[in-house]
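Asks: Only the shape, not the letters, is given here:
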Ligand SMILES: NC(=O)C1=CN([C@@H]2O[C@H](COP(=O)(O)OP(=O)(O)OC[C@H]3O[C@@H](n4cnc5c(N)ncnc54)[C@H](O)[C@@H]3O)[C@@H](O)[C@H]2O)C=CC1
Ligand SMILES: O=C(O)C(=O)Cc1ccc(O)cc1
């Protein structure tokens with residue numbers, strides 16, 4: 001008889017009803033199903049609903065179902081208040097949460113509508129991707145990520161606990177914030193970065209194919225989220241305009257200063273004609289970026305660590321990457337981060353291996369001895 005590993009226990013009580021079974025809803029369903037929680041699904045799109053069922057995110061409801069304990073609304077922000085209201089009414093004993101990326105724009109209309117706020121607790125998992133729909137869903141999407149929980153003064157303690165428990169069951173860390181503080185924070189760390197990525201990527205529309213061939217990891221790092229869904233992001237940005245607009249104005253101010261400085265430097269023909277301070281202004285902009293990026297928490301939280309990076313050429317053949325990683329392990333060196341890049345029009349990839357500071361030359365030596373080509 002085969003024995004399967006014991007399932008980790010979930011503290012969340014089912015049935016959990018997921019309304020909106022796209023990326024977020026189906027990922028929550030998958031994560032809860034992996035813990036054995038009963039999940040019932042609903043989406044106005046029949047295709048999306050059935051796809052979510054087929055990827056294993058839950059089941060369709062039946063008339064014999066016991067009352068729902070928890071409702072998770074994972075619909076676009078603009079429809080979320082109405083959906084939450086309808087769910088509070090349809091499930092009078094359930095706790096209702098939503099995962100919309102904005103919180104004041106959900107809480108405000110609920111208050112105005114006189115909703116039963118003691119059973120409603122807003123939330124926002126700080127995890128996702130540039131993809132949409134249930135086929136992009138992952139059970140481990142939330143593992144190790146913050147999950148903002150927005151209890152209001154009206155929220156029952158048991159309702160807040162139910163939403164915190166949902167977050168911890170899915171491997172996330174609950175962070176308690178009020179709606180306005182949340183909205184200001186995500187404007188800075190999520191909404192303005194999305195706009196910046198989209199605007200930079202939009203410059204590429206008219207780029208020559210030969211120029212695009214030269215694109216490296218830097219461009220990919222800056223533009224990954226530019227592939228996000230325009231409809232969803234219009235809904236998010238429209239709902240958080242009050243927090244986003246001041247940040248965009250200060251970004252525009254910085255951009256104007258930089259343009260002015262570079263313009264001065266480029267029109268000057270002789271060194272003495274370059275206005276004093278012009279290049280200093282450019283350097284200050286890049287240095288301010290250094291300071292900003294060093295403040296982003298890194299692996300396992302805490303301040304981002306500076307790693308040594310060794311870039312290795314990996315043949316584009318089955319098993320090459322696995323062999324490389326096994327040999328890093330065999331050298332007794334822990335891999336902190338890994339980035340992969342495909343070298344254009346070549347049968348090799350570039351694997352950038354981050355290791356703790358001081359280990360770079362030993363890793364280079366170990367890999368070179370084993371026949372790997374390390375990029376200079
Ligand atoms: N995409 C991301 O990375 C993240 C998204 N969020 C938030 O999660 C929510 C869902 O986003 P995604 O799953 O990415 O989008 P998605 O587009 O993958 O899924 C949204 C789903 O909502 C459904 N829907 C539309 N109108 C509805 C209604 N009236 N009632 C019920 N369902 C409805 C759609 O049919 C679709 O299946 C949004 O509020 C978003 O702001 C939160 C964290 C990360
Ligand atoms: O893909 C990424 O890195 C994201 O940051 C995804 C994301 C999108 C929207 C959110 O409200 C939260 C997270």
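Replies: Happy to help now that I have it. Just so it is clear, the model here is predicted, and its values are computed rather than measured. Ligands and ions are numbered 1, 2, ... in the order given.
Asks: so what does the helix or strand of the chain with the lowest mean pLDDT touch, helix or strand wise?
Replies: The weakest-scoring helix or strand in the chain, judged by mean pLDDT, DSSP states H and E, is strand 337-342 (a mean of 82). The contact analysis (3 or more Cβ pairs under 8 Å, 6 or more residues apart in numbering; DSSP states H and E) places strand 337-342 against helix 217-223, strand 348-355. All C-beta atoms are positioned from the backbone trio N, CA, C, and that covers glycine.
Asks: Show the contacting residues for residue 82.
Replies: By Cβ atoms under 8 Å, 6 or more residues apart in numbering, the contact list for residue 82 reads residue 109.
Asks: what's the helix or strand for it?
Replies: helix 80-90 (DSSP states H and E).
Asks: Buried residues, that helix. List them.
Replies: 80-81, 83-85, 87-88 (16 or more other Cβ atoms under 10 Å).
Asks: near ligand 1, from these?
Replies: Among those, the residues within reach of ligand 1 (Cβ under 6 Å from any ligand atom) are 80, 83.
Asks: Identify, from the buried residues of helix 80-90, the entry nearest to residue 127.
Replies: The shortest approach to residue 127 among the buried residues of helix 80-90 belongs to residue 80, at 17.8 Å (Cβ to Cβ).
Asks: Need the pLDDT of the residue lying closest to that closest one once chain neighbours are set aside.
Replies: Using Cβ to Cβ, 6 or more residues apart in numbering and skipping residues adjacent in sequence, the residue nearest residue 80 is residue 100, 4.5 Å away. Note for residue 100: predicted pLDDT of 98.
Asks: just for this structure, where's the confidence low?
Replies: Confidence mapping of the chain against pLDDT under 70 gives the ranges 1-8, 268, 299-306, 343-346, 376.
Asks: So which bits of it are right by ligand 2?
Replies: When proximity is defined as Cβ under 6 Å from any ligand atom, the chain approaches ligand 2 at 101, 126, 128-130, 190, 225.
Asks: What are the neighbouring residues in contact with residue 70?
Replies: Residues in contact with residue 70, defined by Cβ under 8 Å, 6+ apart, are 12-14, 16-17, 94-97, 162, 166.
Asks: In helices only, show me these.
Replies: 162, 166 (DSSP state H).
Asks: Whichever helix or strand residue 27 is part of: which residues count as buried?
Replies: Element membership for residue 27, per DSSP H and E: helix 23-34. Using 16+ other Cβ under 10 Å as the burial criterion, the residues of helix 23-34 that qualify are 23-34.
Asks: How far away from the center of its chain is it?
Replies: 16 Å (Cα atoms, centre = their mean, to the nearest Å).
Asks: and the next element down the chain from it?
Replies: Assignment by DSSP H and E places the next element after helix 23-34 at strand 39-42.
Asks: Whichever helix or strand comes after that following strand vs ligand 1: in contact?
Replies: Counting by DSSP H and E, the next helix or strand C-terminal to strand 39-42 is helix 46-54. Yes - remark: helix 46-54 sits within contact range of ligand 1 at residue 48, by Cβ under 6 Å from any ligand atom.
Asks: Can you tell me the strand partners of the next helix or strand after helix 46-54 and which way each runs?
Replies: Per DSSP H and E, helix 46-54 leads on to strand 70-73 as the next helix or strand towards the C-terminus. Paired strands of strand 70-73, with direction, are strand 16-19 (parallel), strand 95-98 (parallel) (DSSP bridges).
Asks: For strand 70-73, which residues meet the burial criterion?
Replies: 70-73.
Asks: circling back: among the strands paired with strand 70-73, which is the most enclosed?
Replies: Of those, the one with the most neighbours on average (mean count of other Cβ atoms under 10 Å) is strand 95-98, at a mean of 29.
Asks: Does ligand 1 have contacts with that one?
Replies: No - judged by Cβ under 6 Å from any ligand atom, strand 95-98 stays clear of ligand 1, getting no closer than 7.1 Å.
Asks: residues in contact with the very next helix or strand once past that strand?
Replies: Moving toward the C-terminus from strand 95-98, the next helix or strand (DSSP H and E) is helix 104-112. Helix 104-112 has contacts (Cβ under 8 Å, 6+ apart) with 77, 80-82, 84-85, 98, 100, 117, 120, 122, 150, 152, 179-180, 183, 239-240.
Asks: Which SSE is immediately downstream of helix 104-112?
Replies: Using DSSP H and E, the helix or strand that follows helix 104-112 in sequence is strand 122-125.
Asks: Contacts for that next one, please.
Replies: With contacts defined as Cβ under 8 Å, 6+ apart, strand 122-125 is touched by 24, 97-101, 103, 106-107, 141-142, 145-150, 163, 166-167, 170, 172, 179, 182, 186.
Asks: Please apply the same query to stretch 262-280.
Replies: If you take Cβ under 8 Å, 6+ apart as the criterion, stretch 262-280 is touched by 261, 282.
Asks: Mind listing what's buried along it?
Replies: Here stretch 262-280 shows 264, 274, 278 as buried, counting by 16+ other Cβ under 10 Å.
Asks: now do stretch 186-202
Replies: Quick answer for stretch 186-202 (16+ other Cβ under 10 Å): 186-187, 190-192, 194-198, 201.
Asks: from the residues you listed, which is closest to ligand 1?
Replies: residue 190 (8.4 Å; Cβ to the nearest ligand atom).
Asks: Report the contact partners of the residue of the stretch 101-250 of the chain found nearest ligand 1.
Replies: Going by Cβ to the nearest ligand atom, ligand 1 is nearest to residue 128 of the stretch 101-250 of the chain, at 1.7 Å. Applying Cβ under 8 Å, 6+ apart to residue 128 gives the contacts 23-24, 141.
Asks: about what we covered before: could I get the strands paired with strand 70-73 as CSV with distance to residue 348?
Replies: What follows is the strands paired with strand 70-73, written out as CSV (distance: least, Cβ to Cβ, whole Å):
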stretch, distance to residue 348
strand 16-19, 43
strand 95-98, 46
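Asks: Mind checking these for the one nearest to residue 372?
Replies: Proximity to residue 372 (Cβ to Cβ) singles out strand 16-19 among the strands paired with strand 70-73, at 45.7 Å.
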